[in-house]
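>>> can you look at this prediction? I've put the sequence above it.
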Amino acid sequence: MKRLAFGLLFSLLAAGLAPDAIAESAATASVDLVYRDRQLASYITGSWYVDSLDGGSPLSQDFTYAADGTFIGVVKQTNPQLGSAALEYRGTWLVDGETIDGTVRRASNPAIKVPFSERFQITPVDADHLISTAMSSGARTVFSRSPETTEDHLLRMKEAVPDPGGDDAWVEIARSPAGSMSYDKRTLDRRGHIVGAWIRAVLSDATVAEMEKQSSAGQHMPAFKAIRTYSLIDCQRNLTKVRQVRVTMPDGSDVTVNAPAGAPERWTRFNPDMAQNSGPGTVCNVKP
């Protein structure tokens, strides 16, 4: 997949023109549910997602429709040759009968011209699944309601973050010319389907040197040598919450950043196909 095509894909997704790989990603049996106007607005309010494969590359779409008539959409894709890319866009929405009129007003990719609008026919399947059909193209996308957090998630958020172990505690899970990734086996804490784990990414000397070069030219963020992240990972609902980040600078000094204490119920959904070879996927597969 060439870079031009990769960028074009995100442009299409932003406009709601989903490719066939997404369009039939779940069963589309006919149903008798019909919601209109205020009832449809109440039904659609909340967070929805669809995960799929596009040419063998994991792709995900996440949308949150707020009751105040605004929405946030995020499209992510991982490609073996191009790496990972993401597009975020924001806009407004309103219900007209059995359809939703959406207008994208801001996009993280400046190449996308905003505002632009699209109308979608919404067909509820059940309480947690719907079919969205773009009126301009007929493309159908099956969305699932995003999983919600429970009391177990809130209780784990109240616990103290453990200190990471020494060098002998880390188990390598991936290595490339850019660096390596590992998890801390001593502090890995699995209770039920929620795992607490430190994940460490260590950059190679060549990568650090390139970052320092770009940083000095004002083209990149400040260089660092390693990042250790403590996260809670729900391996069943595919949710994650970062609790603390420790950054090791090239001179060996450490900077610690704690995640904001507010909104402990807001966890981030992840695509399991994207995470299977990364930190979340690996620690979920570690046997107790």
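Looks like it arrived, so ask away.
>>> contacts only, for residue 236.
residue 193 (C-beta atoms under 8 Å, 6 or more residues apart in numbering). C-betas here are computed from N, CA, C, even on glycine.
>>> that one: what secondary structure?
At residue 236 the chain is in coil, as set by DSSP: H, G, I helix; E, B strand; the rest coil.
>>> pass me the low-pLDDT residue ranges in the chain, would you?
Applying pLDDT under 70 to the chain flags the ranges 1-33, 80-83, 216-221, 275-279, 288.
>>> helices of that one, start to end?
Assigned by DSSP state H, the chain shows helices spanning 3-14, 20-23, 37-44, 151-157, 205-216, 272-275, 279-285.
>>> list the buried residues for stretch 128-140?
Using 16 or more other C-beta atoms under 10 Å as the test for burial, stretch 128-140 gives 129-134, 139-140.
>>> closest one of these to residue 196?
The shortest gap between residue 196 and any of those belongs to residue 129, at 31.0 Å (C-beta to C-beta).
>>> the closest one bridge partners, please.
For residue 129, the beta-bridge partners under DSSP bridges are residue 126, residue 144.
>>> likewise for residue 189?
Residue 189 has these beta-bridge partners by DSSP bridges: residue 196.
>>> begin at 28, not 1, for the rest of this chat.
New numbering, starting at 28: the last item is residue 216.
>>> wait, isn't it in contact with residue 225?
No: Residue 216 sits out of contact with residue 225 when judged by C-beta atoms under 8 Å, with a separation of 10.0 Å.
>>> before we move on, back to that, reformat the buried residues of stretch 155-167 as TSV; add distance to residue 113.
What follows is the buried residues of stretch 155-167, written out as TSV (distance: C-beta to C-beta, whole Å):
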residue	distance to residue 113
156	24
157	23
158	25
159	21
160	25
161	22
166	21
167	24
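>>> pick out whichever of these sits closest to residue 209.
Using C-beta to C-beta, residue 156 comes nearest to residue 209 of the buried residues of stretch 155-167, at 37.8 Å.
>>> can you check which strand is longest in the chain?
The longest strand of the chain (DSSP state E) is strand 110-123.
>>> and residue 120, how many neighbours?
Residue crowding around residue 120 was assessed by other C-beta atoms under 10 Å; the count is 19.
>>> returning to that earlier point: need the contact partners of the longest strand of the chain.
With contact meaning C-beta under 8 Å, 6+ apart, strand 110-123 is reached by 33, 37, 40-41, 63-65, 67-68, 71, 92, 96-106, 127-136, 139, 141-142, 146, 301.
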